[in-house]
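Q: take this sequence and fold it.
(2 chains)
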Amino acid sequence: DIQMTQSPSAMSASVGDTVTITCRATQDVNNYLAWFQQKPGKGPQRLIFGASSLQNGVPPRFSGSGSGTEFTLTISGLQPEDFATYYCLQYNNYPWTFGQGTMVEV
Amino acid sequence: DEQLLQSGGGLVQPGGSLRLSCEAFGFSFGAYDMTWVRQFPGRGPEWVASMSDVGGATDYAESVKGRFTMFRHSYNGMVYLQLNNVRADDTGVYYCARGGGFAFTPIALDMWGQGTMVIVSS
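A: Numbers count the residues shown, from 1 in each chain, chains lettered A, B, ... in the order given. Sure thing, here's the model as predicted:
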């Protein structure tokens, strides 16, 4: 199984900051890497797919980069509504595997 | 509007059974693989099972293989997860989601249901 290691597990940030979250895979996932945002009591929402493609309707301050085994989610100019938990997902091979999550808090 | 609406869930005793349902609205259900994901309290999501667009292929997490069964009916846009022989560590919120890995290009869960809680307890 492909293991996904996400870092950091939590971070403090302020409105306007640029935030970077990293996800590392134990093997090449062929850029089949997605990022999700989850707020308390809600289901995850997809932000990025294919490592760098922005989901329709997601603000362009969210961006994804990386390839192979190392990927990054960047939020440029953090907004109040962005305080949430973020997860990566590799969907190259079953079993699909998520990272452990990064909580972005004030 | 495109959406997935879930039903089912609730309290079940260890060793019991439960069926979760998920109804698709506003999109061509038969064109998409479908997936179930669960989330334990305070933890990240965990992939449970996926089924291909016409139901010809299915894959399961090892932790549920032999106990859970995923199936779908294209005529009514429904996908189901049958939970048998449940255990306390199956307790969590279960989501259905659109997407899967059986097509030439996998789709990574671009739409989610609202989630349904399953509690396994005596």
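
Q: quickly check: the helix or strand that residue A:5 is a member of near chain B or not.
A: If you go by DSSP states H and E, residue A:5 is part of strand A:4-7. No. Strand A:4-7 does not reach chain B (Cβ under 8 Å from any Cβ of the partner chain); its nearest approach is 8.5 Å. (Each C-beta comes from the backbone N, C-alpha and C, glycine too.)

Q: chain center to that strand: distance?
A: Distance of strand A:4-7 from the chain centroid (Cα atoms, centre = their mean, to the nearest Å) equals 10 Å.

Q: quick check: residue B:42 vs chain A, distance?
A: 10 Å (Cβ to the nearest Cβ, to the nearest Å).

Q: wait, a helix at that residue?
A: No. According to DSSP: H, G, I helix; E, B strand; the rest coil, residue B:42 belongs to no helix; its state is coil.

Q: just give me the neighbour total for it.
A: Look at residue B:42: counted by other Cβ atoms under 10 Å in any protein chain shown, it has 6 neighbours.

Q: equivalent analysis for residue B:74, please.
A: Neighbours of residue B:74 (other Cβ under 10 Å): 15.

Q: hang on, isn't it packed against residue B:54?
A: Yes. Between residue B:74 and residue B:54 a contact is recorded at 7.2 Å, counting by Cβ atoms under 8 Å.

Q: need the residues touching each of the two.
A: Residues touching both residue B:74 and residue B:54 (Cβ atoms under 8 Å, 6 or more residues apart in numbering or on different chains) are residue B:30.

Q: now do stretch B:6-13, average pLDDT.
A: Across stretch B:6-13, pLDDT averages out at 95.

Q: meant to ask about stretch A:75-93
A: Stretch A:75-93 carries an average pLDDT of 96.

Q: give me the buried positions along that stretch.
A: Using 16 or more other Cβ atoms under 10 Å in any protein chain shown as the burial criterion, the residues of stretch A:75-93 that qualify are A:75, A:78, A:82, A:84-93.

Q: what parts of chain A come near chain B?
A: Counting by Cβ under 8 Å from any Cβ, chain A sits next to chain B at A:32, A:34, A:36, A:43-46, A:49, A:55, A:87, A:89, A:91-101.

Q: how does it look with 7 Å?
A: A:32, A:34, A:43-44, A:46, A:49, A:55, A:87, A:89, A:91, A:94-101 (Cβ under 7 Å from any Cβ of the partner chain).

Q: mark which of the buried residues of stretch A:75-93 are part of helices, please.
A: Among the buried residues of stretch A:75-93, no member falls in helices (DSSP state H).

Q: residue B:20: which element?
A: strand B:18-25.

Q: show me which residues of chain B sit near chain A.
A: So chain B meets chain A at B:44-47, B:50, B:59, B:61, B:95, B:101, B:106, B:108-110, B:112-115 (Cβ under 7 Å from any Cβ).
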